[in-house]
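Asker: Here is a sequence with its predicted model. Questions after.
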Amino acid sequence: MGGTFPMRNSPQVLSVPGPNQRPRKKVALKPGFSPLDWARLSASGKDLRGVSELRLISMDEVALHNKRTDCWMVIAGKVYNVTHYLEYHPGGKGELMRAAGRDGTDLFIKTHQWVNAESILRECMIGFCSGPSKNQTA
């Protein structure tokens with residue numbers, strides 16, 4: 001079986017973003033802010049939530065946390081305090097800030113449908129969204 005690797009039209013072939021997709025943009029992370037560093041911090045026992053217990057959280061409350069120093073977002077009905085994660089995000093802080101204080105589910109799915117947010121942000125989860133979002137990102 002001769003041929004080239006990867007085969008034509010294989011999912012292993014890199015493709016150009018379609019007309020409705022933005023090209024993926026990665027930024028240079030500061031030393032000490034790699035995905036492995038984030039995994040270490042997440043497993044360290046440090047409080048990344050900033051709340052004492054999981055609870056129901058309204059979108060009005062989520063909307064109040066829309067700054068780089070205090071950043072919450074909703075992904076798939078779960079509310080995360082991503083303030084500590086901002087420096088570790090491979091796409092940069094600005095990309096995460098697009099969903100700051102909002103429901104970022106649609107944006108997350110468009111941008112990284114293959115990523116397991118629940119696994120990466122497990123230690124940042126602060127509760128569950130108590131109702132439908134009026135301010136989802138597109």
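Answerer: Noted; the coordinates are in hand. Residues are numbered from 1 along each chain as shown.

Asker: What does Ile57 show for phi and psi?
Answerer: Taking degrees, to the nearest 10, you get phi -130, psi 130 for the backbone angles of Ile57.

Asker: what about it, how many residues close to it?
Answerer: 20 (other CB atoms under 10 Å). For the C-beta atoms, the positions are set from N, CA and C on the backbone; glycine is no exception.

Asker: I'd assumed Phe128 was in contact with it.
Answerer: Yes: Ile57 lies in contact with Phe128 (CB atoms under 8 Å); the separation is 7.0 Å.

Asker: Overlap of the contact sets of those two?
Answerer: Both Ile57 and Phe128 are contacted by Val79, under the criterion CB atoms under 8 Å, 6 or more residues apart in numbering.

Asker: Leaving out the residues flanking it, which one is nearest to the residue most central in space within the chain?
Answerer: In the chain, the centroid-proximal residue (CA atoms, centre = their mean) is Ala117; its distance is 5.9 Å. Leaving aside its sequence neighbours, Ala117 sits nearest to Ile75 (CB to CB, 6 or more residues apart in numbering; 4.9 Å).

Asker: For the one you found, which residues are in contact?
Answerer: Ile75 touches 99, 103-105, 108, 117, 121, counting by CB under 8 Å, 6+ apart.

Asker: if you set the cut-off to 6 Å instead, what comes out?
Answerer: Going by CB atoms under 6 Å, 6 or more residues apart in numbering, Ile75 touches 104-105, 108, 117.

Asker: Dump the residues you listed to TSV, plus pLDDT.
Answerer: Conversion of these to TSV gives the following (pLDDT from 0 to 100):
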residue	pLDDT
Gly104	95
Thr105	95
Phe108	92
Ala117	92
